Structures are given as C-alpha cells and as structure tokens.
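J.: Sequence and predicted structure below; questions after.
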Amino acid sequence: MKTNNMDSEMWSLVTLYLSDNATPAEREKVELWVNESNENKNIFEKAKKIWESSKIAAYAGIDVNAAWKNVDNKAKITSKSKTRNLYSLPVKYALRIAAIVCIGLFSWYLISTFSAQKTVLAGNVLAQIELSDGSHVNLNKQASLKFNKMFSGKTREVYLKGEAFFHVARNVEKPFIIHTANADIKVLGTSFNVNTSENGDLEVVVNSGTVSVTSKETKSQVILHKDDKAIYSARSGSLVKTINGNPNYLAWKTFKLIFKETSLNEVITNVEKVYGIKVNVSDTSLLNCRLTATYDNLKADELLQMVGKTFGFNIKATNNSFYFEGKNCKKQ
C-alpha cells in the first residue's frame with residue numbers, strides 16, 4: 001500500500017509526539033487526528049506500544065537542549081578561560097542529528113509496519129479476523145483474505161478468495177471495498193456474505209445495510225439491501241439482483257440449518273457444504289423425500305442420524321462419508 005504525503009506527514013508527527021519532540025501546535029494536530037475516529041485511536045495506541053518497546057525510543061527521546069546544557073556546563077568547569085569551546089558546535093549538532101535520525105528511522109518503521117499487507121488462509125478450519133478499523137470477517141474453510149494491517153488513504157480495501165461473512169464498521173468517509181476475481185463490492189458499514197467460486201462465479205447476500213456490486217468486465221452495477229442477493233456468472237458475464245430464498249446461506253458460520261418441505265437432495269447439498277462431508281443414498285428416488293426440520297449446532301453424525309430416523313433410513317459411516325439406505329420416504 002502506498003502512503004500519500006498527508007499520511008507520511010502524520011507518521012512523522014506521531015513519532016515526534018511519542019518522542020516528546022513535538023511543538024505544542026504539532027501535539028494538538030496529532031491529538032485532533034487521534035480523536036477523529038476509533039481507527040485513528042487504534043493506530044496511535046499500537047504505534048505507542050511499538051515505540052515504548054523499541055530500542056529507538058531510548059535514543060530518539062533525547063532532550064537535545066538539556067543534553068547540550070550538560071555538555072556546556074562540563075566544558076565551563078574544565079576550562080575557566082574565555083577561549084571558545086571548539087567542540088561545542090559539533091556536539092550540539094550531533095545530538096540534534098542523532099535525535100532527528102532516530103525519529104526519521106522510527107517514522108519509516110511505522111509506515112512500513114502499518115502499510116504491510118497480510119494474508120490469512122483459513123485452511124481446514126473456520127477463521128475469524130478483526131481488521132484495524134474494527135470490522136470483523138469470518139472466513140469459511142479454504143477461503144483467504146488479503147488486507148493491509150492498517151488502512152490508509154481514502155478507502156479500506158481487501159482481497160477475497162472463497163467465502164466470507166463481513167461485518168463492516170461504518171465509516172462514510174472511507175468506503176470498504178472487497179475485490180474478487182470478477183467483481184468489486186463496496187460498502188460504508190453493513191453485514192453481508194460473499195461467496196466466490198474457483199470458476200469466477202460470485203454470490204453476495206446482504207444481512208443488513210446497503211451494498212453495491214460492480215462487474216469488472218462490463219462495469220454493470222447492482223445495489224443490494226437486506227435480504228437481496230447478487231449473482232455474477234463468469235461464463236455469461238451477467239450480474240443480476242434477486243431476493244435471497246436460501247435460509248441457510250450462513251449455516252457454514254452458524255451451524256444452524258432450516259428446512260421447510262425441502263427435498264433430501266437439497267438437504268444433502270447443504271449438509272455437505274456446512275460440514276465438508278460426502279453423503280450418498282442407496283436409491284436416487286430417496287432424494288425426492290421432503291423434510292421439515294431445524295437443526296441447531298449439531299455435529300454432522302448427530303444431524304444425519306436425526307434425518308435418517310425421520311425417514312426410517314439406515315445410516316452407515318465410513319471416514320468422512322455417510323450412506324443412507326432405505327426403500328421409501330415414509331416418515332416414522
């Protein structure tokens with residue numbers, strides 16, 4: 001991430017502030033900046049911790065005037081004559097240069113640290129991330145998110161592969177932008193689910209607030225509100241808006257599954273996605289069985305045992321696979 005001139009200036013002022021070398025006007029400017037937002041407070045507190053734990057602080061905190069006065073007094077004691085102290089000017093400048101160099105080094109270090117990018121890969125488990133602005137992200141298995149450790153500039157930008165649920169801290173002056181392979185998602189403050197597939201397809205479902213989704217290829221855009229869904233097809237390049245009819249779009253995060261006269265085929269699809277397992281049936285006609293039930297925070301085998309009991313199916317388990325065996329959809 002590149003920092004603009006204002007950002008670099010502020011880092012310098014923060015470093016002067018932390019090292020007690022800032023003028024009253026500079027201190028006031030830093031304090032006003034800190035109080036502008038929670039994100040700024042967050043940045044300042046982290047910078048302060050880094051400063052206090054760093055060795056640079058021991059050098060950059062030099063009180064040049066006091067140090068020079070001490071040197072000057074020693075010079076007067078050792079030399080009663082009126083001869084000019086030939087070492088005074090270089091020593092005084094050396095002290096100032098040492099402080100300036102240390103402050104400059106730490107300012108550069110802060111910029112490098114806070115502008116550095118980080119990538120979180122969920123792997124085989126769900127992952128939770130808290131971003132510097134207070135936003136929270138839940139990553140589904142195998143998903144990844146790339147972001148700056150600290151957001152600088154006029155936007156907050158992240159890069160997503162896979163599926164994630166975002167709860168974005170509201171900031172009307174700094175939009176939150178999620179970059180995916182074929183579309184960008186822009187919000188000010190809201191909660192929503194984003195699912196990207198390897199083939200480039202995209203699905204966005206809004207839980208609260210307002211979200212805009214823009215195709216990178218065609219620049220077409222849809223505006224979504226609560227319970228709206230955007231679907232992007234990589235094959236056709238189409239971006240459409242519809243109403244979300246899937247009550248289980250967040251089941252991967254909540255482990256709550258709701259079925260209302262839902263076909264067993266769809267039940268299995270949802271269960272396989274949430275738990276990362278494979279479910280087969282002895283007869284494809286069983287896939288037409290209809291189920292009405294709610295399962296909340298159960299383990300995969302517990303849920304499938306309950307489904308099997310509902311229809312009188314026998315269930316066999318092998319490693320990460322399950323097998324329903326039955327003759328009809330007769331409910332018990």
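T.: Perfect, thanks for sending it.
J.: Gln142 contacts Leu126, correct?
T.: No. Counting by C-beta atoms under 8 Å, Gln142 does not reach Leu126; the two are 10.3 Å apart. Heads up, the C-betas are built off the backbone N, CA and C, glycines and all.
J.: residues making contact with stretch 193-209?
T.: Contacting residues not belonging to stretch 193-209 are listed as 140, 160-166, 168, 178, 180-183, 185, 187-192, 211, 213, 224-235, 244, 246, 249-250 [C-beta atoms under 8 Å, 6 or more residues apart in numbering].
J.: Show me which positions of that stretch end up buried.
T.: Asn193, Val194, Asn195, Thr196, Asp201, Leu202, Glu203, Val204, Val205, Val206, Asn207, Gly209 (16 or more other C-beta atoms under 10 Å).
J.: for the stretch 51-200 of the chain, what are the low-confidence residue spans?
T.: Applying pLDDT under 70 to the stretch 51-200 of the chain flags the ranges 51, 53-115.
J.: quick check: domain ranges of this protein?
T.: For the chain, automatic domain parsing gives the domain ranges 5-115, 117-243, 251-325.
J.: The helix or strand Thr15 falls within packs against which elements?
T.: Per DSSP states H and E: Thr15 is located in helix 5-18. Judged by 3 or more C-beta pairs under 8 Å, 6 or more residues apart in numbering; DSSP states H and E, helix 5-18 is in contact with helix 24-34, helix 38-53, helix 88-115.
J.: Go through stretch 22-31 and flag the buried ones.
T.: Buried residues in stretch 22-31, counted by 16+ other C-beta under 10 Å: Ala22, Lys29, Val30.
J.: with those residues in mind, which one is nearest to Ala300?
T.: Of all the buried residues of stretch 22-31, Ala300 sits closest to Val30, with 53.2 Å by C-beta to C-beta.
J.: Setting the sequence-adjacent residues aside, check what's closest to the closest one.
T.: Distance criterion C-beta to C-beta, 6 or more residues apart in numbering; nearest residue to Val30, sequence neighbours excluded, is Tyr17 at 4.5 Å.
J.: That neighbour and Asn244, how far apart?
T.: As judged by C-beta to C-beta, to the nearest Å, Tyr17 and Asn244 stand 48 Å apart.
J.: contact partners of the helix or strand harbouring Thr119?
T.: Element membership of Thr119, judged by DSSP H and E, is strand 117-121. Applying C-beta under 8 Å, 6+ apart, the contact partners of strand 117-121 are Met1, Ala127, Ile129, Leu139, Gln142, Ala143, Ser144, Leu145, Lys146, Phe147, Asn148, Lys149.
J.: Any of the residues you listed buried? List them.
T.: Buried among the contacts of strand 117-121 by 16+ other C-beta under 10 Å: Met1, Ala127, Ile129, Leu139, Ala143, Ser144, Leu145, Phe147, Asn148.
J.: Just put the residues you listed in TSV and tack on secondary structure and distance to Thr292.
T.: Below are these laid out as TSV (DSSP: H, G, I helix; E, B strand; the rest coil; distance: C-beta to C-beta, whole Å):
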residue	secondary structure	distance to Thr292
Met1	coil	50
Ala127	strand	33
Ile129	strand	36
Leu139	strand	31
Ala143	coil	31
Ser144	strand	37
Leu145	strand	36
Phe147	strand	41
Asn148	strand	46
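J.: quick one: which two of the contacts of strand 117-121 are the most distant?
T.: Met1 and Gln142, at 25.7 Å, using C-beta to C-beta across the contacts of strand 117-121.
J.: what's the burial count for Tyr295?
T.: The local packing of Tyr295 (other C-beta atoms under 10 Å) involves 19 other residues.
J.: Checking my notes, it in a strand, right?
T.: Yes. Assessed with DSSP: H, G, I helix; E, B strand; the rest coil, Tyr295 lies in a strand.
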